[in-house]
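Q: Got a predicted structure here, sequence first:
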Amino acid sequence: MDPVKESKSSTPKAKLEKRSNGQGSIYYITDKKGRKVLMAAIYDINGKRRPKRFKKRAEAEDWLSEQKRARLMGNNTYAVNPKMTVSEFMHEWVESQYSDDQSSTRRFYRNAIKNHIIPSLGNIRATNLTTKSVETLLRDMSAKGFGAGTIHSVKASLSAAYNDAVRLGELPRNPVKGVKVPNIQVKSTKPIPQREWEKIYKESMKTPHMQARIEVAGMLGLRPGEALALKWSDLDIEAKSLRIERQVQRIKGQGLEIKAVKQKKERDIPLSDTTVQILLAHKRYQALQKGAWDEDHDLVFPNSVGKLMDEKADRKDFKKLCRAAGVAEYQLYQLRKNAFTNLASLTDMQTLKAFSGHSQISTLMGHYLHSSDETMRSAIGQMDRFRPGNSSKFEKNIYSNAENRR
């Protein structure tokens, strides 16, 4: 680009330094007060010219180098909408990225955004949010006594939103990337103690419906939404298997609806002869109740009139069962942890992952598999076989190793 002479008028005009195409420009302008101002400009990845003022030429050169490197890497260095606030940005993100099929995930993020992010960070421009601001929010939440789950949900919401914006070229960076979460103790929900679980199961045996419901929760480990979406057509008696391909979800403003399973991947799980017989007993008992139904959708666990059952009503029935069994009011979801904790002692992790419907073994390990008094006692009992003097095989190995060393 050819140099342009400095204008004597009050309107700023650029005096450009000749540089190769795409390398950017460093030049001086005369501002309205007659002062010379050092400028640099370069076209970004979107083809938009980006100017910036500097005090020193070396700073301008460094900035141009950073912009060129980012452009070569395919990275955006400017926000598409620089005036957008965190509140506007987060609202637009959560409503556009998650469909009705992901209503639970969207509700999870919505709660974090509405209750914690917007009140504290909402008025800040999305491009100006800093790592320090996010860490301050998380520390304040910890000081106010919020649990680890709530605090992690705030970080996860911000991180997911900014990751998507950077990926789509709407924002240049993710300020949550280097955030350190306060050192807070995670209170993980554990399986129901074995003795209490036995009491619950025995109490459920008083009615075929409740026994079948507890069977698929505590023995098969189905999610509540998956259990409530089961149809009798999913049960293959000859193959002794159950197909899991849908779940019940409550959609805001629409009510209960059938949606795809959480991981969007259908699965078949094998059944024992006992489980098959328990489900068939429930089916025969259910046939006697259909006279009072308004509709029949072939559901294994419908409500009292044959329609989809709400998870709230399902949880309420479980709490009644706990009271009848004389145990504490546990969460129905804990039975899923019972199933996988017990199953983990009988099979490998890959089989368990396929059984559970999770895509990552780390999720199972971190949230669903727990040690208990029973599993610990079983493990230590198995150690007896390795005790010197209690195993002839162990002693033979000791002597053999000793002879080899000689």
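A: Cool, got the structure. Note that this is a predicted model, so its numbers are computed, not measured.
Q: contacting residues for the nearest residue to Leu222 once chain neighbours are set aside?
A: Residue nearest to Leu222 in three dimensions, not counting chain neighbours: Val216, with 4.8 Å by CB to CB, 6 or more residues apart in numbering. C-beta here means a position set from N, CA and C on the backbone, and glycine is covered the same way. Counting by CB atoms under 8 Å, 6 or more residues apart in numbering, Val216 touches Leu222, Ala227, Leu230, Leu242.
Q: Please list the members of those that lie in helices.
A: Ala227 (DSSP state H).
Q: just the buried members of the contacts of Val216?
A: Leu222, Ala227, Leu230, Leu242 (16 or more other CB atoms under 10 Å).
Q: possible to save those as a markdown table with distance to His282 and pLDDT?
A: A markdown table is the format used below for the buried ones among the contacts of Val216 (distance: CB to CB, whole Å; pLDDT from 0 to 100):
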| residue | distance to His282 | pLDDT |
| --- | --- | --- |
| Leu222 | 14 | 90 |
| Ala227 | 12 | 95 |
| Leu230 | 11 | 96 |
| Leu242 | 13 | 92 |
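Q: ok, of the contacts of Val216, which one's closest to Gly24?
A: Nearest to Gly24 among the contacts of Val216, counting by CB to CB, is Leu222 at 59.5 Å.
Q: Would you check that that closest one makes contact with Ile244?
A: Yes - applying CB atoms under 8 Å, one finds Leu222 in contact with Ile244, separated by 6.8 Å.
Q: hang on, the earlier thing: tell me the one of the buried ones among the contacts of Val216 nearest Gln289?
A: Leu230 (16.6 Å).
Q: what's near enough to touch the nearest residue to the closest one once chain neighbours are set aside?
A: Leaving aside its sequence neighbours, Leu230 sits nearest to Val300 (CB to CB, 6+ apart; 4.0 Å). Counting by CB under 8 Å, 6+ apart, Val300 makes contact with Ala212, Ala227, Leu230, Lys231, Trp232, Asp234, Leu235, Leu279, His282, Lys283.
Q: count of neighbours near the first one?
A: Spelled out, that is Ala212. Residues within reach of Ala212, counting by other CB atoms under 10 Å, total 24.
Q: tell me the two of the buried ones among the contacts of Val216 that are most distant?
A: That would be Ala227 and Leu242, which, of the buried ones among the contacts of Val216, are the farthest apart (CB to CB) at 10.3 Å.
Q: Check this protein and tell me which residue is nearest its centre.
A: Thr105 (7.4 Å; CA atoms, centre = their mean).
Q: Which of the helices or strands spans it?
A: helix 103-112 (DSSP states H and E).
Q: Tell me who's in contact with the closest residue to the residue nearest to the centre of the chain other than its chain neighbours.
A: Distance criterion CB to CB, 6+ apart; nearest residue to Thr105, sequence neighbours excluded, is Tyr98 at 5.6 Å. Tyr98 makes contact with Thr105, Arg106, Tyr109, according to CB under 8 Å, 6+ apart.
Q: mind checking how far Tyr98 is from Ser204?
A: Separation of Tyr98 from Ser204 (CB to CB, to the nearest Å) stands at 36 Å.
Q: quick one on the thing from earlier: which member of the contacts of Val300 is positioned nearest Ser304?
A: His282 (15.0 Å).
Q: separation between that closest one and Lys33?
A: 85 Å.
Q: So if I had to pick from the two, which one is more boxed in?
A: Taking other CB under 10 Å, His282 and Lys33 do not tie; His282 has more neighbours (22 against 7).
Q: Am I right that that one falls within a helix?
A: Yes - assignment of His282 by DSSP: H, G, I helix; E, B strand; the rest coil places it within a helix.
Q: Skipping adjacent residues, who's closest to it in space?
A: His282's closest residue in space is Ala212 (CB to CB, 6+ apart), at 3.6 Å.
Q: What helix or strand is that neighbour located in?
A: helix 208-218.
Q: Just the CA trace of the strand ranked longest in the chain, in PDB.
A: The residue-count maximum for a strand in the chain (DSSP state E) belongs to strand 36-43. Taking Å, rounded to 0.1, in the frame of the first residue of the first chain, the C-alpha atoms of strand 36-43 are listed here in PDB:
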ATOM      1  CA  LYS A  36       0.200  12.300  16.100                       C
ATOM      2  CA  VAL A  37      -1.100   8.800  17.100                       C
ATOM      3  CA  LEU A  38       0.600   5.500  16.200                       C
ATOM      4  CA  MET A  39      -1.800   3.000  14.700                       C
ATOM      5  CA  ALA A  40      -1.600  -0.600  13.500                       C
ATOM      6  CA  ALA A  41      -4.300  -2.400  11.400                       C
ATOM      7  CA  ILE A  42      -4.700  -5.900  10.000                       C
ATOM      8  CA  TYR A  43      -7.600  -8.000   8.500                       C
END
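Q: contacts for it?
A: Contacts of strand 36-43 (CB under 8 Å, 6+ apart): 14, 22-31, 49-57, 60, 63-64, 67-68, 71.
Q: At which residues are the helices of the stretch 51-200 of the chain located?
A: 57-72, 86-97, 103-112, 118-121, 131-143, 148-167, 194-204 (DSSP state H, counting those that start in this stretch).
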